[in-house]
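1. Sequence and predicted structure, then a few things I'm wondering about:
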Amino acid sequence: MEWETVIGLEIHAQLATKSKIFSGAATAYGAEPNTQACTVDLGLPGVLPVLNGEAVRMAVKFGLAIGARVAPFSVFARKNYFYPDLPKGYQISQYDLPVVSQGHLNISVDGIEKIIGITRAHLEEDAGKSLHEDFHGFTGIDLNRAGTPLLEIVSEPDLRSAKEAVVYMKKLHALVRYLEICDGNMQEGSFRCDANVSVRPKGQEKFGTRAEIKNLNSFRFVERAINYEIERQIEILENGGQVVQETRLYDANKDETRSMRSKEEANDYRYFPDPDLLPLEISSNFVEDVRKGLPELPDEKRDRFKSQYGLNDYDATVLTATRELADYYEAVVRESAGSDPKLCANWVMGDLSGALNKAGLEIEKCPIEAPRLAGLIRRIADSTISGKLAKQVFEALWESGETADAIIEKQGLKQITDTGAIEKIIDEIIAANPEQLAQYKAGKDKLFGFFVGQAMKATQGKANPQQLNDLLKKKLQ
């Protein structure tokens, strides 16, 4: 039997506010445990939550970016459940009236465009964190995260493979960073995912029974966890069993999912409107004000890079993957004084990205500022140095704060473009290698490379390659 996979993702993006969603406590990462949880976060008697307006602005910003409906009227609800790191015994969230609904995101997988529906994006507070590693036989509770603002983004069940899920998640990750509403740091838990996975016989309309895989915090783990879960469910069904609706955890060390608890339904949480919070009303003027502040979005920037810089779809997509990389590339083009944008793209995507990956650095921490890389590209474009020598200059740029011009001057790397000087070297090499010359003229064309190599060796790699090739062909006729 052929099986079809159905996947929906629930992504939690931590909003980049300085204070929590219902209190003035700080949201900075890395503080000592329980130093950033105030009386409101702890739900102590007599305290009341107050909604953070900046969190609302960020939610609206996201809604506009995905072409969604921004609700003029939405309600906060209490989601009731007991867990040690949930100090109030409930989580303030939104249920039947979310702030954002009916949006979409376009993705491209293997050249095929697909629209993924986004059912809703609602505001809620985060819980605390249970700590097990340092407590033998005990569990520690850190409530610093309690009350941190989250935007939970729920997709339609439109994804059909783990690969599609990762592409969608990466695009969403780039979008929230472009909007500057989330730093996207997955290691710190700022951007994490729950994956709902089910399978059904191909052609069947009814969905299969789903399992939810909780708290996936890397793209690689999302792909591996979903693929494992697909295989697990198919094996159960093909052996005559039934998939149980449940919540599962992914064990990266064993590369498997395992049961955590039976999957709750909405009525298990006894949602009801939070009596301490007024309904959220968002005016059309507020929405328009947010709309005016929207940046150029990734798809728009990609299309502009293609038309303005003549880049192909692949290059434009890579260079606009993050706002920081796109800004760096444009700075290089701007500073390179009319050099070929494709040449700039090649250096940013090639040598620079390779060096960053090797060093484990993001573009924001790049030791070569855009003007200095542009200076190198200018010298390649005006034939001051060859492509081979440029790599030597690049290494020096990476290690020092000097400019390309200073490095070229100091190391004597300027390319030889004097025709007479190159001809003289060629004549000497031909005269010193009569046997190779005779073989070449007898039809052994591969020896052309020998003469090129000898000339490059004689000039310490500084001869202009194009000039050298052209002059050598004439001399060897």
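-> That came through fine.
2. Which positions within stretch 110-128 qualify as buried?
-> Buried positions in stretch 110-128, judged by neighbour count with 16 or more other C-beta atoms under 10 Å: 116-128. To be clear about C-beta, it is placed using only N, CA and C from the backbone, and glycine gets the same treatment.
3. for the stretch 51-200 of the chain, which spans come out with low pLDDT?
-> The model of the stretch 51-200 of the chain has no residue with pLDDT under 70.
4. Likewise for the stretch 301-450 of the chain?
-> 415-418, 421-422.
5. can you map out the helices along it?
-> For the stretch 301-450 of the chain, the helices defined by DSSP state H, counting those that start in this stretch cover 313-319, 323-335, 341-347, 353-359, 370-381, 387-399, 404-411, 419-432, 434-441, 447-458.
6. Buried ones in the last one, by neighbour count?
-> In terms of neighbour count (16+ other C-beta under 10 Å), helix 447-458 has its buried residues at 447, 451, 452, 454, 455, 456, 458.
7. Next: stretch 393-401.
-> For stretch 393-401, by 16+ other C-beta under 10 Å, it's 393, 394, 396, 397, 398.
8. Please apply the same query to stretch 265-278.
-> Neighbour counts over stretch 265-278 (16+ other C-beta under 10 Å) mark 269, 271, 274, 277 as buried.
9. out of these, who's nearest residue 477?
-> For the buried residues of stretch 265-278, the minimum distance to residue 477 (C-beta to C-beta) is 85.3 Å, reached by residue 269.
10. show me where the stretch 201-350 of the chain has strands.
-> 211-216, 246-251, 256-262, 272-273, 280-281 (DSSP state E, counting those that start in this stretch).
11. Would you mind finding the most buried of these?
-> strand 211-216 (a mean of 20; mean count of other C-beta atoms under 10 Å).
12. Paired strands for that strand, with orientation please.
-> Strand pairing for strand 211-216, using DSSP bridges, gives strand 191-201 (antiparallel), strand 246-251 (parallel).
13. out of the buried residues of stretch 110-128, who's nearest residue 53?
-> For these, the minimum distance to residue 53 (C-beta to C-beta) is 11.5 Å, reached by residue 123.
14. Give me the three-state assignment for the closest one.
-> strand (DSSP: H, G, I helix; E, B strand; the rest coil).
15. I'd like the strands of the stretch 201-350 of the chain as JSON lines, with mean pLDDT and distance to residue 320 appended.
-> Formatted as JSON lines, those follow (pLDDT from 0 to 100; distance: least, C-beta to C-beta, whole Å):
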{"stretch": "strand 211-216", "mean pLDDT": "93", "distance to residue 320": "25"}
{"stretch": "strand 246-251", "mean pLDDT": "93", "distance to residue 320": "30"}
{"stretch": "strand 256-262", "mean pLDDT": "86", "distance to residue 320": "34"}
{"stretch": "strand 272-273", "mean pLDDT": "93", "distance to residue 320": "41"}
{"stretch": "strand 280-281", "mean pLDDT": "96", "distance to residue 320": "33"}
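16. Mind telling me what element residue 8 is part of?
-> Here residue 8 sits within strand 3-14, counting by DSSP states H and E.
17. Return the distance of that strand from the chain's centre.
-> How far strand 3-14 lies from its chain's middle: 17 Å, per C-alpha atoms, centre = their mean, to the nearest Å.
18. same deal with stretch 293-313?
-> 17 Å.
19. who touches it?
-> 61, 64-65, 106, 171, 174-175, 178-180, 315-317, 319-321, 323, 326, 333, 341-342, 345 (C-beta atoms under 8 Å, 6 or more residues apart in numbering).
20. can you rerun that using 7 Å?
-> By C-beta atoms under 7 Å, 6 or more residues apart in numbering, the surrounding residues in contact with stretch 293-313 are 61, 64-65, 106, 174-175, 178-179, 316-317, 319-320, 326, 333, 341-342, 345.
21. Could you identify the buried members of those residues?
-> 61, 64-65, 174-175, 178-179, 316-317, 319-320, 326, 333, 341, 345.
22. Make a markdown table from the buried residues of stretch 110-128 and add distance to residue 285 to it.
-> As requested, the buried residues of stretch 110-128 are exported to a markdown table (distance: C-beta to C-beta, whole Å):
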| residue | distance to residue 285 |
| --- | --- |
| 116 | 31 |
| 117 | 28 |
| 118 | 25 |
| 119 | 27 |
| 120 | 24 |
| 121 | 21 |
| 122 | 23 |
| 123 | 20 |
| 124 | 26 |
| 125 | 27 |
| 126 | 30 |
| 127 | 35 |
| 128 | 37 |
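23. what's the pLDDT at residue 466?
-> Here, the pLDDT recorded for residue 466 equals 69.
24. which helix in this protein runs the most residues?
-> Counting by DSSP state H, the longest helix found in the chain is helix 219-238.
25. now it, how far from the chain's geometric center?
-> That offset, for helix 219-238, works out to 23 Å (C-alpha atoms, centre = their mean).
26. Ramachandran coordinates for residue 152?
-> Backbone geometry at residue 152, expressed as degrees, to the nearest 10, gives phi -90, psi 120.
27. does it really touch residue 125, like I thought?
-> No: using C-beta atoms under 7 Å, residue 152 makes no contact with residue 125, being 10.7 Å away.
28. Residue 393: what's it in contact with?
-> By C-beta under 7 Å, 6+ apart, the residues touching residue 393 are 376, 385, 404, 407, 408, 413.
29. Leaving aside the residues adjacent along the chain, what's closest to the first one?
-> Just to be clear, that refers to residue 376. Leaving aside its chain neighbours, residue 376 sits nearest to residue 404 (4.1 Å; criterion: C-beta to C-beta, 6 or more residues apart in numbering).
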